[in-house]
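Undergrad: Here's a sequence, model it:
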Amino acid sequence: MAPGIPAAMERPHFIGIGGAGMSGIAKILAQRGAKVAGSDAKESPTAEALRALGATVHIGHAAGHLADDASCVVVSSAIRADNPELVRAGELSIPVVHRSDALASLMGGLRSIAVAGTHGKTTTTSMLAVALSELDLDPSYAIGGDLAGPGTNATHGEGDIFVAEADESDRSFQKYDPDVAIVLNVELDHHANYASMDEIYESFETFAGKIVPEGTLVVSADQSGAVELTRRVREALPALTVVTYGESETADVRVHKIAPRGLTSEVTVILGGKFLTFTVSVPGRHYALNAVAALAAGIALGIPAHNLASALGTYTGVKRRLQLKGEAAGVQVIDSYAHHPTEMTADLEAMRGAVTDARLLVVFQPHLFSRTQELGTEMGQALALADASVVLDIYPAREDPVPGVTSALIIDAATAAGADVTAVHDKDRVPEVVAGMATPGDLVLTMGAGDVTDLGPRILDHLSS
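TA: Residues are numbered from 1 along each chain as shown. All right, here's what the predicted structure looks like:
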């Protein structure tokens, strides 16, 4: 067995290998020397990147894609029970491993940081990966998005630190035993898996309870759900070291000031009574706070604060997290993964702060029927921060339609909040519609977790012509 490869992972087959979480684990295993195979619905740059690492990637799902000698089949919560490869695994008695168990097995023997929260996970995990790499600590990492610098969502490093995005959506983050856990925020989301805030608090408490003895929980001192979680954790786990961060007077790592500087921010924190100022190279208050969470986590692992703070300044973003796609005819087009009202509001406010005099035009694609049903009103209210918005039909992802749940829920709420909103049901018409709305100096933000990201280059082409 090759070193660093868990026994069950020598010849893994990934169903949906092109997904953000799945591809990361597959890449690390391939880099460690495992014989990786898998399938995905369509060709993608991710599939090509995996092949370049020696993985076998089939396009489409078919029983014949699964090799008889596969050591395990790796699945995510998105894979349905009737998937032909999953059915075939049952016939061959090949063990089925959830993505989170596969990731947990890769962390064995390394010092790990697990980053959780309703939003901000990908950014914070990425900030740590970039900063630790800048400090020549050569970490391993697995992230839910591609870093703008190295352009990958995962890598096997030779250092002793593993940084992982920990997904609370399906409770899979409870599988990890981190040395340091970050909780950025605690909100009601993932309505298919959580019925109430109490269920979410219980889930995060279980996650906190998995931190190793002598480990640390880093948690926001500002966000109400995180504050309540801190209260519960301190009561239930009195021996656990808890470090709070944020703008609250009570924070252990206190943010003294966030000064916007165009598309960057200058952040000053108070650490042990001393001031420390550093640059965050992406715009917006929420990204500055993510950087402070990363700083607190690195300090908890024993990394000198000054070194880590300056290294955090080298982080330049993640694909789809306020990523500049280009400029044409004097109009900038930026792409945002925001799909929850809190994220939408944060990104819209960040763009407002960065472009004080420009008009802000948004192309929003709702993600999931369940989320729209629960949060459609708040999504519409968030869009009132834009000067004008185009709203697409709901991107279903893994869900079947829900009767009566459409983008109209968002459009009605946006209109009631005073927003200028246009419904466009045909995605292919959007570039033409937006090009007709935009004038030089405007900023266009494509927003959502679905395939709305494809529209940025097409809008730029229309603007150019």
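Undergrad: Could you report the pLDDT at the one residue sitting closest to the centre of the chain?
TA: For the chain, residue 122 is the residue whose C-alpha lies nearest the centre (Cα atoms, centre = their mean; 3.3 Å). With respect to pLDDT, residue 122 scores 88.
Undergrad: which SS class is it?
TA: Here residue 122 is recorded as helix under DSSP: H, G, I helix; E, B strand; the rest coil.
Undergrad: you'd agree it is up against residue 144?
TA: Yes - with contact defined as Cβ atoms under 8 Å, residue 122 counts as touching residue 144 (4.6 Å). (Each C-beta comes from the backbone N, C-alpha and C, glycine too.)
Undergrad: Show me the common contact partners of those two, please.
TA: residue 165 (Cβ atoms under 8 Å, 6 or more residues apart in numbering).
Undergrad: if we can go back for a sec, give me the distance between the residue nearest to the centre of the chain and residue 43.
TA: According to Cβ to Cβ, to the nearest Å, residue 122 stands 24 Å off from residue 43.
Undergrad: Same question for residue 180.
TA: As judged by Cβ to Cβ, residue 180 and residue 43 stand 38 Å apart.
Undergrad: When those two are compared, which one has more neighbours?
TA: residue 180 (26 against 11; other Cβ atoms under 10 Å).
Undergrad: Please name the residues that touch that one.
TA: Contacts were defined as Cβ under 8 Å, 6+ apart; by that measure residue 180 touches 112, 113, 114, 211, 215, 216, 217, 218, 297, 300, 301.
Undergrad: Wasn't the third one part of a strand?
TA: Yes - checked against three-state DSSP, residue 114 lies within a strand.
Undergrad: wait, what's in contact with it?
TA: 164, 165, 166, 173, 176, 178, 180, 181, 182, 207.
Undergrad: again, 7 Å this time
TA: 164, 166, 173, 176, 178, 181 (Cβ atoms under 7 Å, 6 or more residues apart in numbering).
Undergrad: can you check the last one too?
TA: Contacts here follow Cβ under 7 Å, 6+ apart; on that basis residue 301 touches 111, 113, 161, 179, 180.
Undergrad: Same check on the fourth one?
TA: With contacts defined as Cβ under 7 Å, 6+ apart, residue 211 is in contact with 178, 181, 217, 240.
Undergrad: my guess is it is in a strand, correct?
TA: No - secondary structure of residue 211 (three-state DSSP): coil, not part of a strand.
Undergrad: for residue 137, helix, strand, or coil?
TA: With three-state DSSP as the criterion, residue 137 reads coil.
Undergrad: which residue packs closest to it, ignoring adjacent ones?
TA: residue 159 (4.7 Å; Cβ to Cβ, 6 or more residues apart in numbering).
Undergrad: and that neighbour, backbone torsions?
TA: phi -80, psi -180 (degrees, to the nearest 10).
Undergrad: tell me the domain boundaries of the chain?
TA: The chain is divided into the following domains under automatic domain parsing: 7-98, 107-312, 321-464.
Undergrad: now residue 4: how far from residue 31?
TA: Residue 4 is 9 Å from residue 31, by Cβ to Cβ.
Undergrad: Same list, the contacts of residue 114, but as CSV with secondary structure, neighbour count and distance to residue 382 please.
TA: Compiled in CSV, these are given as follows (DSSP: H, G, I helix; E, B strand; the rest coil; neighbours: other Cβ atoms under 10 Å; distance: Cβ to Cβ, whole Å):
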residue, secondary structure, neighbour count, distance to residue 382
164, strand, 31, 29
166, coil, 27, 26
173, helix, 28, 26
176, coil, 22, 32
178, coil, 28, 32
181, strand, 29, 29
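Undergrad: ok, so of the residues you listed, who is nearest residue 437?
TA: Ranked by distance to residue 437 (Cβ to Cβ), the contacts of residue 114 are led by residue 166 at 39.6 Å.
Undergrad: May I ask you to confirm that that closest one is in contact with residue 175?
TA: No - using Cβ atoms under 7 Å, residue 166 is not in contact with residue 175; the gap is 8.8 Å.
Undergrad: Tell me, please, where in this structure the pLDDT is lower than the cut-off.
TA: 1-3, 145-151, 190-192, 318-321, 356 (pLDDT under 70).
Undergrad: could you pull out the helices for it?
TA: In the chain, the helices defined using DSSP state H lie at 20-32, 45-52, 84-92, 99-106, 121-134, 197-209, 224-236, 285-300, 305-312, 341-354, 369-383, 408-416, 430-437, 455-464.
Undergrad: In PDB, could you pull the C-alpha coordinates for the first one?
TA: If I follow you right, that is helix 20-32. The C-alpha atoms that make up helix 20-32 are tabulated as PDB, following Å, rounded to 0.1, in the frame of the first residue of the first chain:
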ATOM      1  CA  ALA A  20     -16.400  20.500  -5.900                       C
ATOM      2  CA  GLY A  21     -16.100  18.400  -2.800                       C
ATOM      3  CA  MET A  22     -15.600  15.000  -4.600                       C
ATOM      4  CA  SER A  23     -13.000  16.200  -7.000                       C
ATOM      5  CA  GLY A  24     -10.800  17.600  -4.200                       C
ATOM      6  CA  ILE A  25     -10.600  14.200  -2.400                       C
ATOM      7  CA  ALA A  26     -10.000  12.400  -5.700                       C
ATOM      8  CA  LYS A  27      -7.100  14.800  -6.500                       C
ATOM      9  CA  ILE A  28      -5.500  14.300  -3.100                       C
ATOM     10  CA  LEU A  29      -5.700  10.500  -3.400                       C
ATOM     11  CA  ALA A  30      -4.300  10.600  -7.000                       C
ATOM     12  CA  GLN A  31      -1.400  12.800  -5.800                       C
ATOM     13  CA  ARG A  32      -0.800  10.300  -3.000                       C
END
